[in-house]
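# return a 3D structure for these sequence lines:
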Amino acid sequence: QERFVEAIKELEKLGVSVITGDCGFMMWFQQLARRNTSLPVVMSSLASLGAMTCAHSSQEKIAIFTANGKSLEPMRDLIKAECGIDPEESRFIMVGCEDVPGFEAVALGEKVDVAKVTPGMVKKAQEVLAAHPDIASILMECTELPPYSDAVRRATGLPVFDAITTCDFFITSRMDNPKFGVDDEQLNASMNWIPAIPADMVPF
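Numbering: from 1, shown residues only. Sure, this is the predicted structure:
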């Protein structure tokens, strides 16, 4: 725990916008991280579930893709406490990817061949949608899954959330919007256009 907290403090010094982890199961460290920083903490993309469930009706389902479906089961109470949802509700479809050809490398601790795994991951998504056509969006829980998000989006036409989109949500909240926001230089320039009001015209 001491080294974990030290890492958080180092990230704070670097000026990061959000703190996350490199494994979805680091959700177990969500409370510890949150107690030691005022920065947003999203140790897992599971943190997106609250917004996703709010965005869809209770009749629509959300598919949660994970490296291994069974290994996520012990996290039920933790997910309920941290995300405010019960993953065992019928609207959540748990999808274990352990049987996708090539993805077994994750369990073996080996490098995953993304090009080899992608067709199987797309097929898995299509099969899940065929079985549950009322799925409205997909959450990639495992941090090994974002490389397939684009392919799944294209194949299904559904919104796909993952560790990257979860962090982007917080990162962009601290960034200037290039379409209509203003950076410091623009703000200073615009302030120069504000006309000075003569003292005798101030109504108080």
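# just give me the neighbour total for Glu2.
Per other C-beta atoms under 10 Å, the neighbour tally for Glu2 reads 6. Every C-beta, even on glycine, is put in place using the N, C-alpha and C of the backbone.
# same check on Ala151?
17.
# check Glu6 too.
Neighbours of Glu6 (other C-beta under 10 Å): 11.
# just the element for it, please.
Element membership for Glu6 (DSSP states H and E) is helix 2-14.
# please apply the same query to Gln59.
Gln59 belongs to no helix or strand, assigned by DSSP H and E.
# can you report how many residues neighbour it?
For Gln59, the neighbour count with other C-beta under 10 Å is 8.
# pLDDT at it, what is it?
Gln59 is assigned 91 on the pLDDT scale.
# strands along this protein, start to end?
19-20, 41-42, 61-66, 92-96, 135-140, 160-161 (DSSP state E).
# how far is the fifth one from where the chain is centred?
If I follow you right, that is strand 135-140. 12 Å (C-alpha atoms, centre = their mean, to the nearest Å).
# and the last one, by the same measure?
Taking C-alpha atoms, centre = their mean, one finds strand 160-161 lying 8 Å from the centre of the chain it belongs to.
# the residue most central in space within the chain: what's it in contact with?
Nearest to the geometric centre of the chain sits Thr166, at 2.3 Å (C-alpha atoms, centre = their mean). Each residue near Thr166 by C-beta atoms under 8 Å, 6 or more residues apart in numbering is listed here: 20, 42, 45, 47-48.
# cool, and Arg3?
By C-beta under 8 Å, 6+ apart, Arg3 has no neighbours at all.
# and the longest helix for the protein?
Secondary structure of the chain per DSSP state H: the longest helix is helix 114-131.
# returning to what we had before: tell me which of the strands of the chain sits nearest to Glu127.
strand 92-96 (9.2 Å; C-beta to C-beta).
# okay, the angle between the closest one and strand 61-66?
30 degrees (axes from the mean of the first three to the mean of the last three C-alpha atoms, to 10 degrees).
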